[in-house]
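Chemist: Model the structure of this input:
(one chain, ligands or ions: 1)
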Amino acid sequence: MMSVDAISQLIRSRRSIYTEMYAQQAIPKEIIETILENAIWAPTHKKTEPWRFLVYHSEEARKSLSDLLLKNYLAASVGEDYSPVKENKVKSRPLQAGVAIVLILQRHKDSGLPEWEEVAALACGVQNMYLTATAAGLGCYWSTPNLITDERDFFDLEDHETCLGVFYAGYLKADLEFGSNRKPLSEKALWF
Ligand SMILES: Cc1cc2nc3c(=O)[nH]c(=O)nc-3n(C[C@H](O)[C@H](O)[C@H](O)COP(=O)(O)O)c2cc1C
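Modeler: Have a look, this model is predicted:
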């Protein structure tokens, strides 16, 4: 079993790292499978396992996602809302990443669970993905723009399914350090 120190270090060194920082280096399929296997070990109320993962790994697949984001961006950003810098950012992300994993919440009609419990379960799965990617030396982050969460046709979603964004991952360009901070626990925890 892993030590508390080791898991604390992994949890606290995990960062959201954006695709601009990724190297153009392929991620082996086995690593992506481990990321997803660990995702599905997240806790779920009534063991509903309310998720599906659409894995855009090949360059062709990531290009198709890039084309979709570009199309949705151009449709949503007319006139003053349009920015060529933003257009470039939006369409570059799936191409800069080594993999883009689209997260689908798959609700169970008969579970009797409120939606938030299913969303919470999926988010637990995403944290497992973050931690596994971090341990594998990958940068990664969860991206949730409307351009992707409002999309249904491209992902062929059924009525009980919702897109909850995309998890990008990629090897980093160089040995970069990413700092962060949190408010003190004493401001957040009340002891009795
Ligand atoms: C539900 C959720 C949605 C997120 N969506 C986005 C997003 O759309 N764009 C983005 O840049 N970061 C997104 N993030 C990442 C957060 O910005 C990031 O976790 C936060 O800045 C803290 O940084 P850290 O992850 O390095 O600790 C999301 C995180 C969560 C938990």
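
Chemist: make it CA atoms for all contacts and neighbour counts henceforth
Modeler: Fine.

Chemist: Going along the chain, name the strands of this structure.
Modeler: Secondary structure of the chain (DSSP state E): strands located at 51-56, 99-106, 138-143, 161-171.

Chemist: Report all helices and strands that the second one contacts.
Modeler: Spelled out, that is strand 99-106. strand 51-56, helix 115-135, strand 161-171 (3 or more C-alpha pairs under 8 Å, 6 or more residues apart in numbering; DSSP states H and E).

Chemist: how about those in a markdown table, adding mean neighbour count?
Modeler: Formatted as a markdown table, these follow (neighbours: other C-alpha atoms under 10 Å):
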| stretch | mean neighbour count |
| --- | --- |
| strand 51-56 | 18 |
| helix 115-135 | 20 |
| strand 161-171 | 23 |
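
Chemist: which residues does the most centrally placed residue in the chain contact?
Modeler: Nearest to the mean C-alpha position of the chain, counting by C-alpha atoms, centre = their mean, stands Phe167 at 2.1 Å. By C-alpha atoms under 8 Å, 6 or more residues apart in numbering, the contact set of Phe167 is Ala100, Ile101, Val102, Leu103, Val126, Cys140, Tyr141, Trp142, Ser143.

Chemist: at 6 Å what do you get?
Modeler: Ala100, Ile101, Tyr141, Trp142 (C-alpha atoms under 6 Å, 6 or more residues apart in numbering).

Chemist: Show me the subset of the residues you listed that also lies near the ligand.
Modeler: Filtering those for proximity to the ligand by C-alpha under 6 Å from any ligand atom leaves Tyr141, Trp142.

Chemist: Gly125 and Gly139: what is the separation?
Modeler: Distance, Gly125 to Gly139, using C-alpha to C-alpha, to the nearest Å: 17 Å.

Chemist: Same check on Met1?
Modeler: 25 Å.
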